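please work out how this folds:
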Amino acid sequence: MPQNMLRDIILTADERETLQRLSRAGRGRADLARRARIILRLADGASYLEIERGLGESSRTIGKWKRRFLEARTSGLDGRYRGNTPTVLTPRLEARIVAWTRKPPTDGSTHWSTRTLAKALKLSSHTFVQRAWQRAGLQPHRLERYMRSTDPDFETKAADVLGLYLDPPQHAAIFCLDEKTAIQALDRLDPVLPLSPGRAERHGFEYHRHGTLSLYAALNTRTGEVIGQTAARHTSEDFLAFLTQVVDAQPRRREVHIILDNLATHKTQKVRTFLAAHPRVHLHFTPTYSSWLNQVELWFAKIERQVLARGIFTSVADLRRKILRFIRRYNTAAKPIRWSYADPSRHIA
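Here you go, the predicted structure:
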């Protein structure tokens with residue numbers, strides 16, 4: 001018998017606390033819990049026979065884990081054989097999964113799946129990864145894009161626009177104006193198969209392109225109503241015609257503030273001449289690459305989802321008719337857009 005097997009096990013306070021924590025089978029790996037109970041019983045002076053009867057372990061198993069504990073203390077209770085895989089999602093394993101998730105995979109792919117990461121970590125089930133991701137709020141399969149504004153006057157321009165939303169001038173009209181260009185009039189060559197229980201609506205892959213048009217839209221921030229006009233092309237003359245339509249729709253003495261982007265057609269000499277002749281009209285330009293500050297972009301997203309993306313248009317005239325019909329019906333129940341802001345720093349521990 002090895003000499004160290006004759007030694008008694010004497011535990012420090014930290015070792016006893018660690019072993020007692022491991023011995024709770026519901027909060028850790030079951031095999032570690034059994035080994036911790038063996039060591040605790042030995043430290044309390046129990047004989048091999050008492051441990052065999054109380055825990056159902058053989059004397060050979062008791063001797064094995066006593067020897068390993070005496071050699072390496074609590075770290076000696078870990079398994080050493082190949083293929084030892086966790087059976088419980090412990091905090092330590094969860095932290096390891098999260099750490100690996102934030103590193104790129106080693107096989108050249110761009111992100112992990114639950115199964116590829118479970119295989120890399122030699123886990124018995126990919127559900128370990130799934131549960132760890134859910135708890136940590138990780139979604140490696142998702143990708144979000146952002147646009148960084150390079151405008152040196154970003155704060156000044158953004159504050160100007162936000163001020164019109166939050167504290168508009170009294171008795172003034174505030175419009176968000178923009179263009180949606182090159183809208184295609186697509187006609188499906190195959191019949192559309194309508195949705196049915198358990199089956200989504202289906203469109204054929206082939207289509208016929210009848211042409212394109214542009215849509216000018218101005219959203220009234222106070223009422224939510226939209227003024228819309230279509231054009232065959234996207235020129236400064238078309239923009240000026242629409243701007244005139246928006247201004248003429250307001251009482252003669254009312255101040256009109258228009259929020260729009262930095263497109264070249266918005267800053268031509270003809271536009272400057274128009275502004276000189278209409279001093280009550282004020283243009284407010286958003287910072288570069290900051291279309292999200294223009295509320296009409298939210299309305300463009302709505303018409304894209306509800307009319308354009310799945311629409312079938314037999315001609316450009318048909319496309320124009322359906323766009324203008326949507327605008328008329330939208331205005332019958334229009335509501336102003338309400339923005340909310342959440343400080344992300346509140347969620348950082």
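
ok, Arg96 - contacts?
Leu121 (CB atoms under 8 Å, 6 or more residues apart in numbering). Quick note: C-beta positions are derived from backbone N, CA and C, even for glycine.

next secondary structure after the longest strand anywhere in the chain?
Determined from DSSP state E, the single longest strand within the chain is strand 173-188. Later in the chain than strand 173-188, the nearest helix or strand by DSSP states H and E is strand 207-220.

just checking, what packs against that next one?
With contacts taken as 3 or more CB pairs under 8 Å, 6 or more residues apart in numbering; DSSP states H and E, strand 207-220 sits against strand 173-188, strand 226-231, helix 236-248, helix 296-303, helix 316-331.

in JSON lines, list those along with distance to Asp261, mean pLDDT and mean neighbour count.
Converted to JSON lines, these look like this (distance: least, CB to CB, whole Å; pLDDT from 0 to 100; neighbours: other CB atoms under 10 Å):
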{"stretch": "strand 173-188", "distance to Asp261": "6", "mean pLDDT": "93", "mean neighbour count": "20"}
{"stretch": "strand 226-231", "distance to Asp261": "17", "mean pLDDT": "94", "mean neighbour count": "20"}
{"stretch": "helix 236-248", "distance to Asp261": "11", "mean pLDDT": "92", "mean neighbour count": "17"}
{"stretch": "helix 296-303", "distance to Asp261": "9", "mean pLDDT": "94", "mean neighbour count": "18"}
{"stretch": "helix 316-331", "distance to Asp261": "21", "mean pLDDT": "95", "mean neighbour count": "16"}
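
distance to Gly54 for those - can I get that in JSON lines?
Below are these laid out as JSON lines (distance: least, CB to CB, whole Å):
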{"stretch": "strand 173-188", "distance to Gly54": "76"}
{"stretch": "strand 226-231", "distance to Gly54": "79"}
{"stretch": "helix 236-248", "distance to Gly54": "87"}
{"stretch": "helix 296-303", "distance to Gly54": "68"}
{"stretch": "helix 316-331", "distance to Gly54": "76"}
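
for the ones you listed, which one sits closest to Arg199?
The closest of those to Arg199 is strand 173-188. By CB to CB, the value is 17.7 Å.

tell me which element the residue lying closest to Gly54 once chain neighbours are set aside is part of?
Spatial nearest neighbour of Gly54, chain neighbours left out: Arg41 (7.0 Å); criterion: CB to CB, 6 or more residues apart in numbering. Arg41 is part of helix 30-43, with elements assigned from DSSP H and E.

off-centre distance for that helix?
Taking CA atoms, centre = their mean, to the nearest Å, one finds helix 30-43 lying 45 Å from the centre of the chain it belongs to.

swap in stretch 38-47?
Distance, stretch centre to chain centre, for stretch 38-47: 53 Å (CA atoms, centre = their mean).

between its first and last residues, how far does it reach?
Using CA to CA, to the nearest Å, the end-to-end distance of stretch 38-47 comes to 10 Å.

got it, and stretch 245-261?
One end of stretch 245-261 sits 19 Å from the other (CA to CA).

contacts for it, please.
161, 164, 168-169, 171-178, 218, 227, 229, 243, 266, 278, 280-286, 291, 293-295.

before we move on, back to that, who are the packing partners of the longest strand of the chain?
Where contact means 3+ CB pairs under 8 Å, 6+ apart, strand 173-188 is packed against strand 207-220, helix 236-248, strand 256-260, helix 296-303, helix 316-331.

what strands line up against it, and which way round?
The pairing partners recorded for strand 173-188 under DSSP bridges are strand 207-220 (antiparallel), strand 256-260 (parallel).

quick one: work out the angle between that strand and strand 226-231.
50 degrees (axes from the mean of the first three to the mean of the last three CA atoms, to 10 degrees).

now the angle from strand 173-188 to helix 296-303?
Interaxial angle, strand 173-188 versus helix 296-303 (the same axes, to 10 degrees): 30 degrees.

can you tell me which of the strands paired with strand 173-188 comes nearest to Phe326?
Closest approach to Phe326 among those (CB to CB): strand 207-220, 10.4 Å.

could I get that closest one in CSV with only the CA atoms?
Listed next in CSV are the C-alpha coordinates belonging to strand 207-220 (Å, rounded to 0.1, in the frame of the first residue of the first chain):
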residue,chain,number,x,y,z
TYR,A,207,-41.1,38.5,-63.2
HIS,A,208,-41.4,41.2,-65.8
ARG,A,209,-40.1,44.7,-65.2
HIS,A,210,-42.4,47.4,-66.7
GLY,A,211,-40.3,50.3,-65.6
THR,A,212,-39.6,52.5,-62.6
LEU,A,213,-40.7,55.7,-60.9
SER,A,214,-39.8,57.8,-57.9
LEU,A,215,-41.9,58.7,-55.0
TYR,A,216,-41.6,62.1,-53.2
ALA,A,217,-43.2,62.1,-49.7
ALA,A,218,-43.5,64.7,-47.0
LEU,A,219,-44.7,63.7,-43.5
ASN,A,220,-46.4,66.2,-41.3
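
thanks again, I'm all set now.
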